[in-house]
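A.B. asks: Just the structure for this:
(one chain, ligands or ions: 1)
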Amino acid sequence: MLSTMDVSPPPLSTLPSETLAALLAPITVPSDSPSARFTNWGLSFTCSPQVVYEPRTEDECALVVEHGRRTGQRVRAAGVGHSPSDVACTSGFMLRTTRLDRVLEMDVEKGIVVAQGGTTLNALHAALASHGLAMANVGSISEQTIAGLITTASHGTGIHHKALSTYARALLLLLPDGSRVHCDPATHPDLYWASLCGLGSTGIVLRVHLAVVPAFRLKELQRSLPFDHVVTNIDSIVHSAEHVRLWWFPQAGTVRVSSSDRTTDPKKPAASFLWHNLLGYHLIQFLFLIGRYLPILNAWICRFSAWLDSAPTVAVDDSWRIFNVDCKYPQYTTEWAIPYTATRACLQDIRIWLEAEQANPNGLRPHFPIEIRFSDADDIWLSPSHDQRTTWIGLIQYKPYGLPVPYRALFAHFESIVTQHGGRPHWAKAHPLRPRDLRRLYPSDLDVPHAQPGKTPRRGFTDFVDVLTRVDPEGLLRNPYIDRHLFGIEDDASGERVFKARP
Ligand SMILES: Cc1cc2nc3c(=O)[nH]c(=O)nc-3n(C[C@H](O)[C@H](O)[C@H](O)COP(=O)(O)OP(=O)(O)OC[C@H]3O[C@@H](n4cnc5c(N)ncnc54)[C@H](O)[C@@H]3O)c2cc1C
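C.D. replies: Here you go, the predicted model:
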């Protein structure tokens, strides 16, 4: 199945322009359609591409790329817009992958599924379940596309589980020159390792060959513990189950600990109608709205929410249902990967800072909770877990009823703490780092050779930029996010606020 052949059809460069235009017409989103504009799920970034295309086939994707090449317009693939940043935004052509959503092959024996890049995880779970299979690990949601997941090195939780991209065994990419290239660890390895966190720029991901496992159930225990207890015992808590995640309610001084392990127990779903629909959704959103106008109340709302959710619970369900959580409202979010060894010190520093804010009558009054997850080290060049066991710390500020709330000062201070602890940003989420910072965080032997006979060379940021430059010398697949963070271009067209929903 993992063919080593490139599978490019004949080049499109000889296609007459009228024919190209006629072929593009059926997949062109009308300019007066709401889909001609792109807004991310969090309602924090928005763009009006020159044209939005919704190809149904891989050949139609190639037509879009050819059109971009001929007209000098950049082409940006977009999944379902769940990235809390402008990583998918463009003023050029947008290639939305919503209709490239087919599961193409299922090899039950080998545990490999081949799916088109626009297949959502929800669709994948359904297809896999019908063959008694499942993804080995999943993050908090399953709405996103498999290509969006992989190209941002998204993660779940579990100290012995790596970034979700590590489950991709091979990719079929459409390159800016129109060729289609199959890559895996043995075939075009540089392209493969770069594309497992390729930020949409190493090629359009047409197909993903994903390693999957026999379907399994998880039993999740949730309990609330004092923050001090959790920090003191962090190592034993993190290793106490296969998948551990924490929600820290700083104003309440408690941490909700979720620990999940495989089980054969009968299903016992957790959610009650009352919690998820009445209290969990409407009441808390209303309280956030009040907190928006009276931020002093946010600490009380936090304590109230921690109390509402404080009883120990047990749930047993299909793996992905336990992995997923109800992410509720639109939100601003920032998430950073710090070395696992820095967890205790970093959490203590965040606590000291938040207590100082709380003690200051004019201090920041954030929402809650802070989400903390864990992943194992991997080899993907730009994965935030590259070469190090990782603790992910994420801060969210909810937008009740979609309304903006203050978040910038909060995120800036948080980022200054996590960066002191060696933090690397989650690529899908907005962050302030530039090539100089990123080169230091993702060292490469191309920058500073550290000759160690017999050791594989370090591959990092510089190798990634090198692949981008080779595969896409004209920058056809770039966008302002890539210009800014990968190439250090700072101009009016690439600024952080170009695609901000509120400039
Ligand atoms: C509520 C919520 C919960 C989340 N939970 C988690 C979590 O638990 N763990 C985690 O790590 N992340 C999480 N994320 C982040 C999410 O996994 C990523 O943002 C993911 O990229 C979203 O996929 P998407 O299909 O929406 O892609 P988009 O946001 O549309 O695009 C993301 C990137 O993928 C590129 N892209 C999309 N399709 C293709 C393609 N076919 N070829 C090439 N490039 C492509 C785009 O150009 C862009 O660079 C969460 C986000 C939200 C909103």
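
A.B. asks: Give me every residue in the chain lying close to the ligand.
C.D. replies: 41-42, 76-84, 87-88, 97, 117, 139-141, 144-145, 147-149, 151-152, 154-155, 199-200, 204-205, 327, 426, 428 (Cβ under 6 Å from any ligand atom). (C-beta placed from N, C-alpha, C; glycine too.)

A.B. asks: secondary structure class for the closest residue to the ligand within the stretch 251-400 of the chain?
C.D. replies: Distances between the stretch 251-400 of the chain and the ligand by Cβ to the nearest ligand atom are smallest at C327, namely 3.5 Å. At C327 the chain is in coil, as set by DSSP: H, G, I helix; E, B strand; the rest coil.

A.B. asks: From the structure, what's the count of residues near S130?
C.D. replies: Taking other Cβ atoms under 10 Å as the criterion, the count of residues near S130 is 11.

A.B. asks: got it, and A194?
C.D. replies: Neighbour number of A194 under other Cβ under 10 Å is 27.

A.B. asks: so where do the helices sit in the stretch 151-300 of the chain?
C.D. replies: Ranges of helices in the stretch 151-300 of the chain, per DSSP state H, counting those that start in this stretch, are 189-195, 227-232, 234-238, 273, 284-293, 298-308.

A.B. asks: N40 and R389: what is the separation?
C.D. replies: 30 Å (Cβ to Cβ, to the nearest Å).

A.B. asks: mind checking how far D472 is from I234?
C.D. replies: Distance from D472 to I234, by Cβ to Cβ: 42 Å.

A.B. asks: just N362 next, same as before
C.D. replies: In terms of Cβ to Cβ, N362 sits 32 Å off from I234.

A.B. asks: Same drill for the two, tell me which one is more crowded.
C.D. replies: Neighbours were counted for N362 and for I234 using other Cβ under 10 Å; I234 has more, 20 against 6.

A.B. asks: can I assume A25 sits in a strand?
C.D. replies: No. Counting by three-state DSSP, A25 falls outside a strand, being helix.

A.B. asks: Can you name the helix or strand that V314 falls in?
C.D. replies: Element membership for V314 (DSSP states H and E) is strand 313-318.

A.B. asks: Give me the mean pLDDT for whichever helix or strand comes after that strand.
C.D. replies: Proceeding N to C from strand 313-318, the next assigned helix or strand is helix 319-323, under DSSP H and E. Averaged across helix 319-323, pLDDT comes to 97.

A.B. asks: Can I get helix 319-323 in CSV, CA atoms only?
C.D. replies: What follows is helix 319-323, C-alpha atoms only, in CSV (Å, rounded to 0.1, in the frame of the first residue of the first chain):
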residue,chain,number,x,y,z
SER,A,319,-12.2,5.9,23.3
TRP,A,320,-12.8,8.9,21.2
ARG,A,321,-15.9,9.9,23.2
ILE,A,322,-13.8,10.0,26.4
PHE,A,323,-10.9,11.8,24.7
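
A.B. asks: now what about it, what contacts it?
C.D. replies: 121, 125, 134-135, 137-140, 142, 156, 215-218, 220, 243, 260, 269, 315 (Cβ atoms under 8 Å, 6 or more residues apart in numbering).

A.B. asks: Show me how the protein divides into domains.
C.D. replies: Using automatic domain parsing, the domain ranges for the chain come out as 25-215, 217-433.

A.B. asks: looking at those, which has the lowest confidence?
C.D. replies: Mean pLDDT across those is lowest at domain 217-433; the value there is a mean of 94.

A.B. asks: Nearest residue to the middle of the chain?
C.D. replies: S154 (4.0 Å; Cα atoms, centre = their mean).

A.B. asks: which helix of the chain spans the most residues?
C.D. replies: Longest helix in the chain by number of residues (criterion: DSSP state H): helix 343-359.

A.B. asks: centre of the chain versus it, how much separation?
C.D. replies: 26 Å (Cα atoms, centre = their mean, to the nearest Å).

A.B. asks: Check which residues of it are buried.
C.D. replies: T343, C346, L347, D349, I350, R351, W353, L354, E357, Q358 (16 or more other Cβ atoms under 10 Å).

A.B. asks: tell me the secondary structure for the residue of the stretch 401-503 of the chain found nearest the ligand?
C.D. replies: The ligand sits closest to A428 of the stretch 401-503 of the chain, with a gap of 3.2 Å, by Cβ to the nearest ligand atom. Following three-state DSSP, the label given to A428 is coil.

A.B. asks: shift numbering so it begins at 51
C.D. replies: Taking 51 as the first residue, the last one we looked at is A478.

A.B. asks: With adjacent residues omitted, what lies nearest to F464?
C.D. replies: L445 (5.3 Å; Cβ to Cβ, 6 or more residues apart in numbering).

A.B. asks: who's in contact with D533?
C.D. replies: Residues near D533 by Cβ under 8 Å, 6+ apart: G525, I539, A543, S544.

A.B. asks: for T313, same thing?
C.D. replies: T313 touches R267, L268, K269, V366, counting by Cβ under 8 Å, 6+ apart.

A.B. asks: repeat for L113
C.D. replies: Contacts of L113 (Cβ under 8 Å, 6+ apart): L62, L70, L73, L74, I77, P105.

A.B. asks: Not counting the host helix or strand of A462 itself, show me its contacts.
C.D. replies: A462 belongs to helix 458-470 when assigned by DSSP H and E. With contacts defined as Cβ under 8 Å, 6+ apart, helix 458-470 is touched by 382, 384, 386, 388, 396, 399-400, 403, 414, 416, 443, 445, 447, 473, 481-482, 487.

A.B. asks: cool, and stretch 390-397?
C.D. replies: Against stretch 390-397 from outside (Cβ under 8 Å, 6+ apart): 209, 281, 284, 288, 298, 388, 422, 424, 438-441, 443, 467-468, 471-473.

A.B. asks: Let's see that with 7 Å instead.
C.D. replies: V281, I284, I388, F424, R439, T440, T441, I443, I467, V468, H471, G472 (Cβ atoms under 7 Å, 6 or more residues apart in numbering).

A.B. asks: that's a strand at the fourth one, yeah?
C.D. replies: Yes. Residue state for F424 (three-state DSSP) corresponds to a strand.

A.B. asks: any idea how far N529 is from P84?
C.D. replies: If you measure N529 against P84 using Cβ to Cβ, the figure is 21 Å.

A.B. asks: Check P264 too.
C.D. replies: 41 Å.

A.B. asks: More neighbours: the two, which one.
C.D. replies: Neighbour totals were compared for P264 and P84, and P264 leads with 12 against 7 (other Cβ under 10 Å).

A.B. asks: And that one, how close does it get to the ligand?
C.D. replies: Applying Cβ to the nearest ligand atom, to the nearest Å, the value for P264 to the ligand is 23 Å.

A.B. asks: Just flag the most distant two among the contacts of stretch 390-397.
C.D. replies: Distances among the contacts of stretch 390-397 were taken as Cβ to Cβ; the most separated pair is R439 and I467, at 19.5 Å.

A.B. asks: Cross-check the contact I'm expecting between the residue nearest to the centre of the chain and G189.
C.D. replies: Yes. Counting by Cβ atoms under 7 Å, G189 is a contact partner of S204 at 5.5 Å.

A.B. asks: Now for the two: what residues contact both?
C.D. replies: Joint contacts of S204 and G189 (Cβ under 7 Å, 6+ apart) are L214.

A.B. asks: tally of neighbours for the residue nearest to T201 when sequence neighbours are not counted?
C.D. replies: The spatially closest residue to T201, leaving aside those adjacent along the chain, is G248, at 4.9 Å (Cβ to Cβ, 6+ apart). G248: 31 surrounding residues under other Cβ under 10 Å.
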